[in-house]
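*Asks:* whatever this is, show me its structure:
(2 chains)
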Amino acid sequence: ETGVTQSPTHLIKTRGQQVTLRCSSQSGHNTVSWYQQALGQGPQFIFQYYREEENGRGNFPPRFSGLQFPNYSSELNVNALELDDSALYLCASSWVTSSNTGELFFGEGSRLTVL
Amino acid sequence: KNQVEQSPQSLIILEGKNCTLQCNYTVSPFSNLRWYKQDTGRGPVSLTIMTFSENTKSNGRYTATLDADTKQSSLHITASQLSDSASYICVVSAGTAGNKLTFGGGTRVLVKP
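*Replies:* Residues are numbered from 1 along each chain as shown, chains lettered A, B, ... in the order given. Sure thing, here's the model as predicted:
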């Protein structure tokens, strides 16, 4: 149990639709990051939020967007879904300071299937 | 370009046997190296985190080593159990921001009775 919860666990969408995935961070953590993991691959970094501001982004198009709320929960939004967006989406929270390693605590993921 | 290469891609071992997974990286600057275990369809769970000054760290039957000079790490699993069947992911960090993390593709381990 990492204390990070994601919802929904599974969902099916069709091409062109929009999806919102949610993440509740571990209590006390100030940073949340999102990853896309295709089947059989390692996670790919999408973006990170620190104190409600995006402070890092991977190689994903603008139709991938996010939010972090004052209670440090977070959302990942994907617009205009494409077939290749089918993947496991992982959220990870961490407590980041200038002196720690920022250990990541992952949720169980949301499995998105785009038809 | 920062890269993390893991080998083998997959392996099958018999219950009770030992195995070693490899991780080579070309990440700079180096902050720390992490090993995660990921059960199928689940989120990764941290096994070890090693900084530059640490060359070995254990977590139960899992022992990670780090050679920062050759930029290599290994994860040794002792006396494997069926529950060790999972993917093992090596992650090298150049800082604490998510975009400073480089993930390997993972090694899929299957432990057979």
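
*Asks:* what parts of chain A come near chain B?
*Replies:* Within chain A, the positions near chain B by C-beta under 8 Å from any C-beta of the partner chain are A:2, A:4, A:31, A:33, A:40-45, A:47-48, A:55-58, A:88, A:90, A:92, A:94, A:96, A:100-109, A:111. For every residue, glycine as well, the C-beta is placed using N, CA and C.

*Asks:* repeat that with 7 Å
*Replies:* Chain A comes close to chain B at residues A:33, A:41-43, A:45, A:48, A:55-58, A:90, A:96, A:101-104, A:106-109, as judged by C-beta under 7 Å from any C-beta of the partner chain.

*Asks:* of the residues you listed, grab the buried ones for PyMOL.
*Replies:* Only the buried entries of the residues of chain A next to chain B go into this PyMOL selection, using 16 or more other C-beta atoms under 10 Å in any protein chain shown:
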select buried, chain A and resi 33+42+43+45+48+56+58+90+96+101+102+103+104+106+107+108+109
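
*Asks:* among the residues of chain A next to chain B, which ones are in strands?
*Replies:* Of the residues of chain A next to chain B, the ones assigned to strands by DSSP state E are A:33, A:45, A:48, A:55, A:56, A:57, A:90, A:106.

*Asks:* need the residues you listed in JSON lines (columns: distance to residue B:111 and pLDDT).
*Replies:* As requested, these are exported to JSON lines (distance: C-beta to C-beta, whole Å; pLDDT from 0 to 100):
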{"residue": "A:33", "distance to residue B:111": "31", "pLDDT": "92"}
{"residue": "A:45", "distance to residue B:111": "30", "pLDDT": "91"}
{"residue": "A:48", "distance to residue B:111": "34", "pLDDT": "91"}
{"residue": "A:55", "distance to residue B:111": "40", "pLDDT": "85"}
{"residue": "A:56", "distance to residue B:111": "36", "pLDDT": "86"}
{"residue": "A:57", "distance to residue B:111": "38", "pLDDT": "89"}
{"residue": "A:90", "distance to residue B:111": "24", "pLDDT": "96"}
{"residue": "A:106", "distance to residue B:111": "22", "pLDDT": "94"}
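
*Asks:* okay, those in CSV with distance to residue B:11 next?
*Replies:* Below are these laid out as CSV (distance: C-beta to C-beta, whole Å):
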residue, distance to residue B:11
A:33, 29
A:45, 27
A:48, 33
A:55, 38
A:56, 34
A:57, 35
A:90, 24
A:106, 24
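
*Asks:* what about the helices in chain A?
*Replies:* Using DSSP state H, no helices are found in chain A.
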